[in-house]
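[1] just need the structure, nothing else, for what follows:
(chains A and B)
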Amino acid sequence: MPVRPIAAALALCLSFTAPAADASETSGARGRDGQLRLYYWQAPSTLNPYLSGGVKDVEAASLIVEPLARLDPDGQMVPWLVQSIPTLENGGVAPDLRSITWRLKPGLTWSDGSPVTSADIRFTLEYCTAPGSGCAQQAKFRDVAAVDTPGPLTAVLRFDSPKPHPYGPFVGPQTPLLQAAQFAECIGPRAASCTAANFAPIGTGPFRAVQFRPGDAALFEMNPHYRVDDQPAFASVLLKGGGNANSAARTVLETGEFDYAWNLQLSPDVLAAMAASGKGRVVTAFSTLVERLAFNLREPAPTPSTLRQAAPLPHPAMSDPDVRRALAMALDRELMVEIGYGAAGRVTCNILPGPRIYASRENDGCAAQDIARAQAILQNAGWTDDNGDGVRERQGKQLRFVFQTSTNAVRQDFQLLAKEWWRQIGVQTELRNIDASVFFSSDASSPDTLQRFGAHIQMYAGASDGPDPEAYLSGWACKNIPDRDNGWQGQNVGAWCDPAYDRLLDKLAVTAGLEERAELARTLNDMLVQNHVVVPLVDRARISAHSAALEGVRMNAWDSELWNVAEWHRMAQ
Amino acid sequence: MRSARRPALGAMLLALILAAVLIGPAVWSAAPGAMDLGARNAAPDWAHPLGRDQLGRDFLARLLTGGRISLAVAAAAALMGTVIGAAVGAAAGMSRRLDAPLMWLTDIFLCVPLLPLLLIAATLFRAPLAAALGPQMGVFALVTVAIGASSWMGTARILRAEVRSVMQRDFIAAARLAGRRPAGMIAHHVLPNVAASLSVSASLAAASAILTESALSFLGLGFPPDLPTWGRLIFEGTPQLGQYPGRALWPGALITLSAVGIMALGDTLRDLAGPK
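    Predicted coordinates:
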């Protein structure tokens, strides 16, 4: 009986395109460009970002609801619904770092015409922190003790403890403002049952929801009360879900049925072939997602029985910084990017590649492959191939490593490349690939997880959550080494421990001021990279495509990709 | 006449593939692992008739080497499955006492979904086996045993039915009266009479073992990435189906042809052994 769904889909499309036809006839600034068609192959399941951690839901909701401040493509905060970004200098952040004062722009209205006030800010916080609400963004509000509303446009967030980076709540697309009047009855356990509100929240953004079918499609129309007179340029937005990245790319780049396709993680040659027709453009944006190698400084435990020993031994070869340096130097990262990622990646020498002020310049030039020098480093460190089997050894220990990663075509190609380059410097590598659902699982009893690290080298990707890198860099603290006692939890999979690094982290935790924090973060990054604790390989981009006739798209990996959708418009004919 | 032509076809197909993968790598001197990063995705030419893959490796060499591994796994796993299946089936068919428990066991194995089981087995035993036998032999043993141990049930059921019907025959009663012991009876009276079914089911098992190995490699659970098998070649080739269809189609075609060849051979064996 496949006829019925097809008919239903057709009916849906027809009903969705009808208002577009009407709208395109109207002239005038706002809504002059008709319908904007977005293809999100993972369809949103709700338009309330507080009830879903999914990127697809957050992105779709960002057409409607907006945070106080957004992040621009460089990861810089941009005041969105507020007059300015509060800082220590302008008095918005209290000197004791225990409160932050946000001042709303005057004259803001919701899409139903009612005014936006500081009570809405307080309500949104209460909504997410109410017990039983199942709010997905609770971590962002964790340390907020209370919100004071001294005036209708002023909200003061007070924290339990000093917060050197107080920009967690209401910055970025995950924590937008909700309207108190609409969600008043949806506090706590009732949050999920408020379907009407969750599927059509009232917002301040350029669009409002007309029709929403979870997991399928959504139709939006322009918000008549939007704060900029001639925006948005589109009268309506159709957001279509379903299919896969490949079919999404085709609809924009080859057939031109859609204006924008989201998240196209495809092989670079596949994407390049599609883009060659000239109907659309592939756009990328970088944040902090870095594909990296981690070295296991401990002796990996091949069988569960050897885990019984009290403290794992340091690995005789991996604990030698020269070996790690030589392994890193033998890699040709330019070629790896070219083969595996194309436009969706770039070579990085930093484990923290962004935002720009956090990116260190100290490691530039790391990408150059130098086999001869790597050989010399090993030779000078006493690793020599005495028995002529092609594998270097020192004091009876051979440079034979197990290199594991998840099952993924690009990662397997990288494994093969690394194996070949390491063979040239006298290192023998055995490759293993593990199913991604096993490798990235948090199952402490499985020996094949990222945290258990049952190999000498492993490759995976990781990113900082948000532009502030403190939590991310704390991952390499001594206390974050996964072991049997802490149930194999922690990000410091290679078991690198340096008290100097921990001291700097403690300093970062009490340092306010973006520039000072950035300097500390760069130093921490340099310690990780220059000690070859991790080898950053590829800075991976978010990649999407838009029609060649669409202008104003500023691809953003820090915020929603639709962050400036109000400015999007069709190119003049 | 019909059966006279088929043996030729099935056996010839299989012989051709076997010859290619066994002798091929010796004749075709290109190393399957040698990369030429300057010639990635190079188009076919005389030196590389099937072109080069995404890392500049000669695709024909990989195809031939991959066939060796895939067919070796298939043969070993089919042998193992047939031996286990024959033993269980014969025991169940001859002994009334063992019949019910053994068939329950068979039913249980039939119920267990294969791929999750293999996934668990791969997780549990890969490391110990690799430590004991070396990385490549360890995976070979794991994959072979896993496929063999999970594919004997069909053989056991067919054999049980066949053995039961043979056991009703008069010559069995005669042998029993003559004082033949069960082992001798199996060897001299039962097995020769069920050989046809056994060979058919063995060939079916070999064909399905090729497919299971491909599925495992396709899921990335099989051999390590530096060891090409047909399944892994398909796994690697699928994303590029649009641009380089040969990458997935060649190994796919060889898997299909091998399975067809083995099945045709099984048909032939049945016709030869049991002329009706």
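[2] can you list the domains in chain A?
    A:1-61+A:205-279+A:548-573, A:286-541 (automatic domain parsing).
[3] so which of the ones you listed gets nearest chain B?
    With distances scored as CB to the nearest CB, the stretch of the domains of chain A nearest to chain B is domain A:286-541 (3.1 Å). Every C-beta, even on glycine, is put in place using the N, C-alpha and C of the backbone.
[4] how distant is the host helix or strand of A:Lys507 from the center of its chain?
    Taking DSSP states H and E as the definition, A:Lys507 sits inside helix A:499-509. Relative to its chain's centre, helix A:499-509 lies at 25 Å (CA atoms, centre = their mean, to the nearest Å).
[5] please point out which parts of it sit buried.
    For helix A:499-509, the neighbour count (16 or more other CB atoms under 10 Å in any protein chain shown) marks A:Tyr501, A:Asp502, A:Leu504, A:Leu505, A:Leu508 as buried.
[6] which positions in chain B make contact with chain A?
    Contact residues, chain B versus chain A (CB under 8 Å from any CB of the partner chain): B:35, B:37, B:40-41, B:54-55, B:119, B:123, B:127-128, B:131, B:135, B:219-221, B:224-226, B:235-236, B:239-240, B:242-243.
[7] give the buried subset of the residues you listed as a ChimeraX selection command.
    For the buried members of the residues of chain B next to chain A, the matching ChimeraX selection, counting by 16+ other CB under 10 Å, is:
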select /B:35,40,41,54,55,119,123,127,135,219,220,221,224,225,226,235,236,239,240
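[8] which ones among the residues of chain B next to chain A map onto helices?
    B:Leu119, B:Thr123, B:Ala127, B:Pro128, B:Ala131, B:Pro135, B:Phe235, B:Glu236 (DSSP state H).
[9] wait, the third one sits on A:Ser446?
    No - in terms of CB atoms under 8 Å, B:Ala127 does not count as a neighbour of A:Ser446; the distance is 11.4 Å.
[10] in space, what's closest to A:Ala249 - neighbours in sequence excluded?
    Ranked by CB to CB, 6 or more residues apart in numbering or on different chains and with sequence neighbours excluded, the top spatial neighbour of A:Ala249 is A:Leu264, at 4.8 Å.
[11] contacts only, for the one you found.
    A:Ala245, A:Ala248, A:Ala249, A:Leu271, A:Val282, A:Ile543, A:Ser544, A:Ala545 (CB atoms under 8 Å, 6 or more residues apart in numbering or on different chains).
[12] from these, which land in strands?
    Counting by DSSP state E, these place A:Val282, A:Ile543, A:Ser544, A:Ala545 in strands.
[13] which residues does the second one bridge with?
    Put plainly, it is A:Ile543. Beta bridges link A:Ile543 to A:Thr284, judged by DSSP bridges.
[14] what residues does it make contact with?
    A:Asn263, A:Leu264, A:Gln265, A:Leu271, A:Val282, A:Val283, A:Thr284, A:Ala343, A:Ala344.
[15] could you do the last one as well?
    If you count contacts by CB under 8 Å, 6+ apart, A:Ala545 has them with A:Ala249, A:Val252, A:Leu253, A:Tyr260, A:Ala261, A:Leu264, A:Ala275, A:Gly280, A:Arg281, A:Val282, A:Val283.
[16] those residues in helices, which ones?
    Going by DSSP H, the helices hold A:Ala249, A:Val252, A:Leu253, A:Ala275 from these.
[17] returning to that earlier point: adding pLDDT, write the ones in helices among the residues of chain B next to chain A out as CSV.
    Shown next, in CSV, are those (pLDDT from 0 to 100):
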residue, pLDDT
B:Leu119, 74
B:Thr123, 72
B:Ala127, 71
B:Pro128, 79
B:Ala131, 75
B:Pro135, 71
B:Phe235, 78
B:Glu236, 80
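[18] show me which of the residues you listed is closest to B:Ala264.
    B:Ala264 has its nearest neighbour among those in B:Phe235, at 27.2 Å by CB to CB.
[19] mind listing the strands for the stretch 151-300 of chain A?
    Using DSSP state E, counting those that start in this stretch, the strands assigned to the stretch 151-300 of chain A run over residues A:154-159, A:207-213, A:217-222, A:236-240, A:260-261, A:280-295.
[20] deepest of these, which one?
    Most buried of the strands of the stretch 151-300 of chain A, by mean neighbour count (mean count of other CB atoms under 10 Å in any protein chain shown): strand A:260-261, with a mean of 28.
[21] which outside residues touch that one?
    By CB under 8 Å, 6+ apart, strand A:260-261 touches A:36-39, A:41, A:248-249, A:251-253, A:544-547, A:550, A:553.
[22] which stretches of chain A have low pLDDT?
    Scanning chain A for pLDDT under 70 picks out the ranges A:1-28, A:53, A:301-312, A:573.
[23] which bits of it sit near chain B?
    A:266-267, A:269-270, A:273, A:302-303, A:335, A:339, A:407, A:409, A:412-413, A:415-417, A:419-420, A:430-433, A:435, A:438, A:446-448, A:454.
[24] weed out the non-buried ones from the residues you listed.
    By 16+ other CB under 10 Å, the residues of chain A next to chain B give A:266-267, A:269-270, A:302, A:335, A:339, A:407, A:409, A:412-413, A:415-417, A:419-420, A:430-433, A:435, A:438, A:446-448, A:454 as buried.
[25] give me the low-pLDDT residue ranges for chain B?
    B:1-7, B:218-221, B:273-276.
[26] helices along that one, start to end?
    Using DSSP H, helices in chain B cover B:2-27, B:59-94, B:96-111, B:114-133, B:135-149, B:153-167, B:170-177, B:182-185, B:191-218, B:230-237, B:246-273.
[27] again with the stretch 251-400 of chain A
    A:268-275, A:321-329, A:333-340, A:371-380 (DSSP state H, counting those that start in this stretch).
[28] just say which of those helices is most tucked in.
    helix A:321-329 (a mean of 22).
[29] distance from that one to the middle of the chain?
    The mean C-alpha position of helix A:321-329 is separated from the chain mean by 29 Å, CA atoms, centre = their mean.
[30] equivalent analysis for stretch A:54-70, please.
    14 Å.
[31] so who does the closest residue to A:Ala146 other than its chain neighbours touch?
    Spatial nearest neighbour of A:Ala146, excluding adjacent residues (CB to CB, 6+ apart): A:Arg158 at 5.0 Å. Applying CB under 8 Å, 6+ apart to A:Arg158 gives the contacts A:Arg98, A:Ser99, A:Val144, A:Ala145, A:Ala146, A:Val147, A:Asp148.
[32] from the residues you listed, list the buried ones, please.
    Among the contacts of A:Arg158, those classed as buried by neighbour count (16+ other CB under 10 Å) are A:Arg98, A:Ser99, A:Val144, A:Val147.
[33] tell me the spacing between the third one and B:Asn41.
    When distance is defined by CB to CB, to the nearest Å, A:Val144 is 54 Å away from B:Asn41.
[34] do the last one as well
    Summarising the geometry, the distance separating A:Val147 from B:Asn41, computed by CB to CB, is 58 Å.
[35] now do A:Arg208
    For A:Arg208, the distance to B:Asn41 - CB to CB - is 48 Å.
[36] same question, A:Gln137
    44 Å.
[37] can you check B:Ile186 too?
    57 Å.
[38] one step back: what's the closest of the contacts of A:Ile543 to B:Ala77?
    Distances from B:Ala77 to these, taken by CB to CB, are shortest for A:Gln265, at 35.5 Å.
[39] isn't that closest one up against A:Asn246?
    No - using CB under 8 Å, A:Gln265 is not in contact with A:Asn246; the gap is 10.1 Å.
[40] tally of neighbours for the closest residue to A:Lys140 other than its chain neighbours?
    Closest residue to A:Lys140 apart from its sequence neighbours, by CB to CB, 6+ apart: A:Gly168 at 4.6 Å. A:Gly168 has 22 neighbours, counted by other CB atoms under 10 Å in any protein chain shown.
[41] now do the contacts for A:Gly168.
    A:Lys140, A:Phe141, A:Arg142, A:Asp143, A:Thr175, A:Gly466.
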